[in-house]
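In: one predicted model, sequence on top.
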Amino acid sequence: MSQTTLTLAPKDYKSEVKPTWCPGCGDFGVLNAIYNSLSVLKLPPDETVVVSGIGCSSRLPHFVQTFGFHSLHGRALPVAQGMKMARPDLTVLAVGGDGDMFSIGAGHLIHAALRNIDITVVVMDNETYGLTKGQTSPTSPTGHVTKSTPYGLLASQFNPIATALSLNVSFVARGFSSRPKELAALIEQGIQHKGFSFIHVLSPCPTFYNTMDTWKTTVTPMPVEHDTRNRFKAMELSMETAKPFVGLFYRDERTTMDEAAHKMTQQSSAFDINKYMARYK
Amino acid sequence: MSQTTLTLAPKDYKSEVKPTWCPGCGDFGVLNAIYNSLSVLKLPPDETVVVSGIGCSSRLPHFVQTFGFHSLHGRALPVAQGMKMARPDLTVLAVGGDGDMFSIGAGHLIHAALRNIDITVVVMDNETYGLTKGQTSPTSPTGHVTKSTPYGLLASQFNPIATALSLNVSFVARGFSSRPKELAALIEQGIQHKGFSFIHVLSPCPTFYNTMDTWKTTVTPMPVEHDTRNRFKAMELSMETAKPFVGLFYRDERTTMDEAAHKMTQQSSAFDINKYMARYK
Amino acid sequence: MENEVTIRIGGESGEGTISGGDILALAAARWGYHVYTFRTFPAEILGGPCMFQLRISDKPVKSMGDYADVLICLNREAFDRNVGELRHGGVLIYDPSDFTPDSGDFITYPIPFNDIARKEVQLFQTKNMVMMGAISGLFGPPLEAITQVVESKLSKSRKSNPTLMEKNMLALDISKKYVTEQLTKRDAYQLGAVEKADRVVLNGNQAVIAGALMAHCDFFAGYPITPASDIMEGLAKELPQIGGTFMQAEDEIAAMTAVLGASFGGARSMTATSGPGFALMSEAIGYASMAELPAVIIDAQRAGPSTGMPTKMEQSDLSFALYTGHGDTPRIVVAPADVADCYTLMVDAFNMAERYQLPVIFLTDQSLTARVESVDRSVFKPLESIRRTFVLAQNGSNGMVSNGNGHAAGVVEEEHAFARYAYTASGISPTSAPGHGGSSYVSTGLEHDIHGHPDYEPADHTAMMKKRYQKLETAANELPQPQRYGDEDATIGLIGWGSTEGTIQEGVDRARAKGYKVAALHPRVLSPLPDRSMRDFINSVQTVIVPECNYSGQLANLLGAKYGLQAIRVNKYGGIPFTAGDILQAIEEAN
Amino acid sequence: MENEVTIRIGGESGEGTISGGDILALAAARWGYHVYTFRTFPAEILGGPCMFQLRISDKPVKSMGDYADVLICLNREAFDRNVGELRHGGVLIYDPSDFTPDSGDFITYPIPFNDIARKEVQLFQTKNMVMMGAISGLFGPPLEAITQVVESKLSKSRKSNPTLMEKNMLALDISKKYVTEQLTKRDAYQLGAVEKADRVVLNGNQAVIAGALMAHCDFFAGYPITPASDIMEGLAKELPQIGGTFMQAEDEIAAMTAVLGASFGGARSMTATSGPGFALMSEAIGYASMAELPAVIIDAQRAGPSTGMPTKMEQSDLSFALYTGHGDTPRIVVAPADVADCYTLMVDAFNMAERYQLPVIFLTDQSLTARVESVDRSVFKPLESIRRTFVLAQNGSNGMVSNGNGHAAGVVEEEHAFARYAYTASGISPTSAPGHGGSSYVSTGLEHDIHGHPDYEPADHTAMMKKRYQKLETAANELPQPQRYGDEDATIGLIGWGSTEGTIQEGVDRARAKGYKVAALHPRVLSPLPDRSMRDFINSVQTVIVPECNYSGQLANLLGAKYGLQAIRVNKYGGIPFTAGDILQAIEEAN
Ligand SMILES: Cc1ncc(C[n+]2csc(CCOP(=O)(O)OP(=O)(O)O)c2C)c(N)n1
Ligand SMILES: Cc1ncc(C[n+]2csc(CCOP(=O)(O)OP(=O)(O)O)c2C)c(N)n1
Ligand code: SF4
Ligand code: SF4
Ligand SMILES: [Mg+2]
Ligand SMILES: [Mg+2]
């Protein structure tokens, strides 16, 4: 069996599985940003896991030459958290779509925020359900007409950044798939950040809901003067949905649950059933 | 079969089932507030439904002489929403505990907020899981020691008001079970409010986590000058967790999904299979 | 065989393979033929290999056909993937500019599809029309039949793109001319004129939607999932037009529990999902059984386990449908056999849910959701739709939706709580819904007494369990018995379920033609099984074969559990349906 | 019967009934007796009727006993509820200040519990000690045995409340003196001294925790639910002490999927829940089966369906455990029969999960979770715990937790992806975990090829289905066969499962004593069933009885599905376990 040595260049993180995405899909940009950030951080492929749910975007782990966990629709976060709690030595990324993370997975997001386990989440938000062919998602705009909303969407649009900030998520950022360099830098920072890092990525679906042209004009860089320790200001910026800011909204380092849990085990010793059963004598 | 006529006094909303709660449980105060608000609004018992999940607090529908739906753990909100969508003529209340609404039911809360269906939610928050005997809930304070957290809770405390505000819930309030009059007034307003009304109630569990004495001293009336249309200000107030404000944080009337959906049906006609099948000729 | 041909088209998704095939099916049906389609979808959203098979016959078509008589390949991969399914001596059609086929036992017609579309019609996207023109020229469906369908399909875009229609027509013409002038027909497949018939052409999901509308579904909540999303989308569009409401839920748990809420409100309520979503509904389906709330749950099965193969066919959710939910939870499980059933059984499903006050699980599958059949229009007749009777209000109001009048001053209440779960001989208790004065109750998943009040007494739990299961006994007695197919004096009997009925019957026909004595039974209702017919059938034969598209023999397990039957299990589990040849082989081997 | 007595205490929850009973059980066990308890919990959090039954014997105790020999009632309601369970000629103990019992076929001992506690001891909460003192005086357990237990229980609060211990001792003394001096013993129940034995006294959940620790469980995620919460709480406390981690999840879906993530990481992982939570895990359990990830899932069954009766016993999740999850999903299902099994089978469950790389469902039930038994200490011996072998890293690192060294510059990779799902004769493929160089793979719920890459080819799906199920065949061959109990030449055979074994065996013993030829088989592993033993047993008898505490006969259904067996089904479904008398009756009726 012939072997090759990886140099940990971006291309070395490419797996042998070819992406199944449509031409022009924003997720290609995100994938490249991930290759780049892994390469910059020289993350050992064997100690890195990319976890996902189900959706077009959630196919991503198959395309990365690290360990991967393509889980169930909506469950990337608990899978990633369980993994990190059991294996705090690993770098764990969770990736997925807006449907995956904000619809069926919404509850998990709240609890991942409260636990602050050291994982990095990259949400590829195309404001639609790509894989099931274009129904509305929580981030679809009100009034949006799709096959599941032939008379227009009646619900409000979910603002993931605002809610993440309300949950005091310790790292909150937004990127755009068509700005892969900035995005790679954010992912890199997110991975380096100790705690739960939430990166919301605008990543268009040209096949079912082409937001590319709009975003190309509306996406706005984060005001340089923004103080990323100011949660209130970040919240105010997050309300600007007409011109979505990209960059880092908020960051705040605090104890992570995986860290705290493992501190507890420092006094641990091998299990001795004989000693243990004395309590039941 | 003998019959009696109800006068729609608070006591007329009392069912023949005796509450199973422990003496001193905050939920008694909430129950009384509900009796009172129903009575003030003279809500017809047969056109009112109290929906709940599972928990001590979720037993409440059994004690109210209206229709009731004691559903599954965490599912009060989707049950209530489905009911209201199908029967917009009914008054629908959803009640439950902090575990029910913020742990297993957290995802549903987000989507109820986005849909803005005209239901009123009363969360009896005792910062613990009463029915399962005292484990931590999402609103338990960090460090809290229970049987499930013998070394102290590692997660952050969930702030329901802040998250509700980030979701732009159209009616956001907090009450305290030991101030049943104010609470009844809030519930009354919530029911009258057209849209999704979220009422967070501090309701202690003397048996497993006695927060009564603390809350009696910390609970603070909403500043009189607070403008309930100011979402930012409301958010600021919501961050005061050391002295929880009680009263109305925010209110904003907009179209409800049940209303919009029923507008759509106004052009409806009886189904004619013969006409319908013409499309497949 | 005369007036019958099975055509398979293999190509790349997005090339018009499927849409062309659909047009051809409709054209053949309008011309008076019976049609039946089978297709595979690629795993990719855009592109990827796909296949469309269409069987056309002047006799009713029961299966997709064992082999293609005619295979059209649009690229080399399509040839490699599909040539194994071409009948010996069949016809291969291809464009030499795409690839050169290996030689084999088939007649070849090379046709320059690409050149005709690109150069002569000057619009490459008409390639599928070029294909249709060739089929018309070679095998007979008249061009008029095809152009009619194309016209109606394009009628909407006619204004915005007037030349499109023209180009399409041109493509059909040129291509038909090409084959009649340039090729010498060397095969025997030729469709002649047949009498016209009053038929509709639609797929399983479309028939399900028609059924739900006919059943006066009041409320649908669902979450997208292949291959059930069409049902949701169709009802999102249609329900408001008949006064119903629709809600896209945030997940399947919300969908199912919203259905429970609506059903409690008195609405005829349903959801539609596939395996993964169905799994998430387990707990709530158990609630429906316990609280005796009607609900219709469609599980459009796809190949499992887990995410599995979302675009492939399997009949592997039966065991799960029978036992979903912890504890002993009675439910009705039905499975449609064909497109016609998707309509009628859907109405039945609602009626059963309402009559027996329990969840009804409707097990269709990926192949049936997408299978297009021509069905006698008379099948889609008005059907009776029932609603559970709500206990009359004491104060005279008895409509479901109360207008609030008459309640202003106060309402009248019985001194004792309404006996929502009263014991009855049938197990069916009186029920109620908000708006009904004096009959309020609290629905609960806790064990309860006749009033719905929580109650844990052993005697009461025992009695309530019996009562809930009694409804299945009642249903088993009331529901129609399935009809036996084949020989009265059969020695071999086949028992199947779901979308395989036609294929099994065709296999039985072939075996009978070979002299075997064979019969088949195909119950639509799998819980409660129609015991009488099942036992009679099992006892009437020497050997029972249970063919299923799953690994574990799920119906066979059920028949073992119920009747101690040790059947010959014939299982196919590659994600594709049986052929009649598979069934014939099973019969021959069993003999 | 000598040296045996069954004592039942009925009272109001919170009065010390249960804690008193527990103390008595421990005292009797330390004195050298075998004990076995059964209790019911009220639905309320505080208060509500509760009952505690304790059987004490010098011979091993297999069931809770058909009837109480001694009934202590603390109020009128307790008398009404429990007097039916008092043996004819048994003993009724009560306080005349509480109520006056109706007369009946029993001996009465009125004892002023309340007065003694309130007036003589001057601490009302010592009432349960007054009860214990009376029992000691009447039936023999020496006061020293009781005081020892009380002392160790109170040792923690001794400092903060020194008089509490004193008052307790006083209560025991006064009360014992009262009964010996004031009452004339008119019954025959008297426990004498027996030899001491090395036993431990614990309940099923405590034994499960010991088993999980012995199996070196690395990770637990769970969500509270009765009657599984104790397991979670116990492990929350113990796991960090042996280096494991614990996570309270937001719901059962998160718990189960967190377990999957940890298992993928190489950790031996588990969760514990009851029916409603188990239902929510369906989809994720299917994933574990598909992706071949080890996981141990405890379902502590309670009476269903739906929320049901959370504090009551039922064996009604077997069908669901066998078929949870859509599609054909192989899994192992085991059920412990007693407290000893809760330990050993728990270790086995982990080992099976690791060896066969699939989910193992451990079906305990409410009665067993709370059942206290005295068990020979030797049962709780060190047991071997295995871990799936991870493919060796190419660069030499092979520990599960990699320290990151040796990876800084780059890692070595095989040119072709790791064959995570390679076909093997056993069906068990090589596996891997992060930290293992050159063996990375992507876990997926999609159908996949040997590398884990998505693959929908019929041939591959077919082969992978076979491979996954092959593991069950392998397991069936490797796992120990269950031991037959009773007559070799039995004509009647009983097959049971789960917590009812002892009761069934006691029923068999009684029937044999009456001259019947009876045997019993009680498999611990229900999927895959130990076919050889099952068939041998079934073939060896004329009639098979399957007693189950459920409505639908879930094991009987399985035996029908697998072996075509038509058994006599004996079902009890009131939320309480069988008695040996129930079993005897079933045998007599079957004869
Ligand atoms: C339990 C469950 N429900 C539904 C589905 C069907 N499904 C697959 S992906 C998806 C949504 C995809 O949307 P998103 O997460 O935004 O990803 P995208 O395809 O847009 O990248 C759905 C509903 C499923 N696989 N599992
Ligand atoms: C699916 C499911 N999981 C777990 C449980 C067990 N359970 C019942 S109530 C409850 C939490 C109760 O806490 P909360 O909602 O705060 O209500 P409280 O009792 O405090 O009023 C839990 C975990 C359940 N019934 N169903
Ligand atoms: S459907 Fe949309 S999201 Fe999916 S691959 Fe295509 S472009 Fe991307
Ligand atoms: S346990 Fe707590 S929440 Fe439950 S009834 Fe008692 S006091 Fe109330
Ligand atoms: Mg999306
Ligand atoms: Mg609570």
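Out: It's in. Ligands and ions are numbered 1, 2, ... in the order given.

In: Provide a list of residues in contact with residue A:163.
Out: A:109, B:110, B:163, B:166, B:167 (C-beta atoms under 8 Å, 6 or more residues apart in numbering or on different chains). Placement of C-beta: from N, CA and C, glycine included.

In: state the phi and psi torsions of residue C:45.
Out: phi -80, psi -50 (degrees, to the nearest 10).

In: contacting residues for it?
Out: A:20, A:21, A:22, A:56, A:130, A:131, A:133, A:207.

In: quick revisit: out of the contacts of residue A:163, which is nearest to ligand 4?
Out: Closest to ligand 4 out of these is residue B:163 (22.7 Å), distances taken as C-beta to the nearest ligand atom.

In: and residue 217, what's its pLDDT?
Out: Unless you meant another one, I'm taking chain A. Confidence at residue A:217, expressed as pLDDT, is 97.

In: wait, I meant chain C there
Out: Residue C:217 is given a pLDDT of 98.

In: residue C:393 now?
Out: 46.

In: quick revisit: ok, so of the contacts of residue C:45, who is nearest residue D:548?
Out: residue A:131 (43.1 Å; C-beta to C-beta).

In: how many neighbours does the closest one have?
Out: A count of nearby residues for residue A:131, using other C-beta atoms under 10 Å in any protein chain shown, gives 24.

In: before we move on, what about the one 10 residues further on?
Out: Applying other C-beta under 10 Å, we find 15 residues neighbouring residue A:141.

In: also residue A:242?
Out: Residue A:242, neighbours per other C-beta under 10 Å, totals 7.

In: what's the closest non-adjacent residue to it?
Out: Nearest residue to residue A:242 in three dimensions, chain neighbours excluded: residue A:218, at 6.6 Å (C-beta to C-beta, 6 or more residues apart in numbering or on different chains).

In: can you list contacts of the helix or strand where residue A:189 lies?
Out: When secondary structure is defined by DSSP states H and E, residue A:189 falls within helix A:180-192. Helix A:180-192 is contacted from outside by A:29-30, A:32-34, A:36-37, A:40-41, A:43, A:91, A:93, A:120-122, A:171, A:173, A:175-177, A:197-199, A:201, A:246-248, using C-beta under 8 Å, 6+ apart.

In: what residues of that helix count as buried?
Out: For helix A:180-192, the neighbour count (16 or more other C-beta atoms under 10 Å in any protein chain shown) marks A:180, A:182, A:183, A:184, A:185, A:186, A:187, A:188, A:189, A:190, A:191 as buried.

In: I'd like those residues laid out as JSON lines, including pLDDT.
Out: Shown next, in JSON lines, are the buried residues of helix A:180-192 (pLDDT from 0 to 100):
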{"residue": "A:180", "pLDDT": "95"}
{"residue": "A:182", "pLDDT": "97"}
{"residue": "A:183", "pLDDT": "98"}
{"residue": "A:184", "pLDDT": "98"}
{"residue": "A:185", "pLDDT": "98"}
{"residue": "A:186", "pLDDT": "98"}
{"residue": "A:187", "pLDDT": "98"}
{"residue": "A:188", "pLDDT": "98"}
{"residue": "A:189", "pLDDT": "98"}
{"residue": "A:190", "pLDDT": "98"}
{"residue": "A:191", "pLDDT": "98"}
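
In: quick one: the helices in the stretch 51-200 of chain A, in order.
Out: Secondary structure of the stretch 51-200 of chain A (DSSP state H, counting those that start in this stretch): helices at A:76-86, A:98, A:106-115, A:160-166, A:180-192.

In: right, and the ones you listed - which one's nearest ligand 5?
Out: Nearest of the helices of the stretch 51-200 of chain A to ligand 5, taken as C-beta to the ion: helix A:98 at 4.3 Å.

In: do the closest one and ligand 1 meet?
Out: Yes: judged by C-beta under 6 Å from any ligand atom, helix A:98 comes into contact with ligand 1 at residue A:98.

In: which among the contacts of residue A:163 gets closest to ligand 3?
Out: The closest of the contacts of residue A:163, once distances to ligand 3 are taken by C-beta to the nearest ligand atom, is residue A:109, at 20.2 Å.

In: what is the neighbour count of that closest one?
Out: Neighbourhood size, residue A:109 [other C-beta under 10 Å]: 24.
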